[in-house]
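Student: my questions concern the predicted model and sequence given below.
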Amino acid sequence: MAIEVVRIGQRIVRDDRVTTHVALVSRAFGAQKIFMTEVNPEIKETLNKINETWGGSFTVEFIDKWKTIVKKKKEENYKIIHLSMYGESINEVQEELRNEENLLIVVGAEKVPREIYELADYNVGVGSQPHSEISALAILLDRIQNGMQFEKSFPDAKRKIIPTKKGKNVLVNEPRD
Ligand SMILES: C[S@@+](CC[C@H](N)C(=O)[O-])C[C@H]1O[C@@H](n2cnc3c(N)ncnc32)[C@H](O)[C@@H]1O
């Protein structure tokens with residue numbers, strides 16, 4: 001299953017920390033790519049550094065118009081899931097989502113254009129209370145993959161954590177100088 005994410009919406013104040021966390025959650029919870037608009041180029045560098053250290057090939061792509069990517073992905077037979085507190089309950093649709101082939105998940109920032117509700121194949125609410133794109137995305141990715149995202153490996157990592165009850169156990173795979 002290909003899973004990609006796009007962050008849309010206009011922010012009054014640019015919130016690079018939240019945007020970075022949306023990208024980090026996408027990567028750590030099994031998505032392969034994130035598309036984003038109006039962001040600080042440093043976010044791409046941060047994610048590239050994370051890939052270098054912790055492995056995998058998660059991609060950040062800057063785009064001008066969210067609608068172009070949503071329409072393109074629809075043509076490529078991706079199903080569009082828009083995360084919105086007004087949407088259908090995740091408990092009701094999670095089973096259906098698990099059976100889909102390729103997914104583009106749309107998360108908002110501040111103000112979401114109305115059009116996305118129509119373009120989306122699924123408008124999904126993670127509860128019907130306002131919270132955050134970071135939490136909504138993490139829960140959706142977990143429900144879709146049923147926890148299996150944490151069994152995936154991140155190839156070519158310089159560091160790999162060996163889960164341990166206490167302390168830190170990290171395998172280091174880099175040449176010493
Ligand atoms: C800070 S919220 C902005 C909400 C904004 N007032 C609106 O109505 O579009 C940012 C994003 O978090 C996600 N979000 C927040 N609460 C959610 C919920 N209960 N279920 C699903 N997504 C949620 C949505 O993608 C939303 O666009």
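Tutor: Received the coordinates, thanks.

Student: flag the shaky bits of the protein, pLDDT-wise.
Tutor: Applying pLDDT under 70 to the chain flags the ranges 10, 12, 175-177.

Student: how about the strands in it?
Tutor: 2-7, 33-36, 59-62, 79-89, 102-107, 122-125, 159-161, 170-172 (DSSP state E).

Student: which helices and strands does the longest one pack with?
Tutor: Of the remaining helices and strands, those touching strand 79-89 by 3 or more C-beta pairs under 8 Å, 6 or more residues apart in numbering; DSSP states H and E are helix 66-75, strand 102-107, helix 115-119, strand 122-125, helix 133-145. In this view, the C-beta of every residue, glycine as well, is placed from N, C-alpha and C.

Student: neighbouring strands - and their directions - for the shortest one?
Tutor: Partner strands for strand 122-125, per DSSP bridges, with pairing direction: strand 79-89 (parallel).

Student: who's in contact with the strand it pairs with?
Tutor: Strand 79-89 is contacted from outside by 70, 73-74, 97, 100-108, 112, 116-117, 119-131, 133, 136-137, 140, using C-beta atoms under 8 Å, 6 or more residues apart in numbering.

Student: and the angle from it to strand 2-7?
Tutor: Interaxial angle, strand 79-89 versus strand 2-7 (axes from the mean of the first three to the mean of the last three C-alpha atoms, to 10 degrees): 70 degrees.

Student: now strand 79-89: how far from the chain's centre is it?
Tutor: Distance of strand 79-89 from the chain centroid (C-alpha atoms, centre = their mean, to the nearest Å) equals 14 Å.

Student: how about stretch 13-28?
Tutor: Worked out by C-alpha atoms, centre = their mean, stretch 13-28 lies 9 Å from the chain centre.

Student: ok, now how distant is the residue most central in space within the chain from the ligand?
Tutor: Nearest to the mean C-alpha position of the chain, by C-alpha atoms, centre = their mean, lies S26 at 2.8 Å. Distance check for S26 against the ligand: by C-beta to the nearest ligand atom, to the nearest Å, it reads 13 Å.

Student: repeat that for L83.
Tutor: 4 Å.

Student: same thing with S153?
Tutor: Applying C-beta to the nearest ligand atom to S153 and the ligand gives a distance of 29 Å.

Student: next up, the contacts around the spatially closest residue to that residue that is not a sequence neighbour.
Tutor: Nearest residue to S153, sequence neighbours excluded (C-beta to C-beta, 6 or more residues apart in numbering): G55, at 7.5 Å. Neighbouring residues of G55 by C-beta under 8 Å, 6+ apart: 153-158, 160.

Student: just V172 next, same as before
Tutor: Per C-beta under 8 Å, 6+ apart, neighbours of V172: 158-159.

Student: what residues are up against E4?
Tutor: E4 neighbours (C-beta under 8 Å, 6+ apart): 31-35, 73, 78, 103-105.
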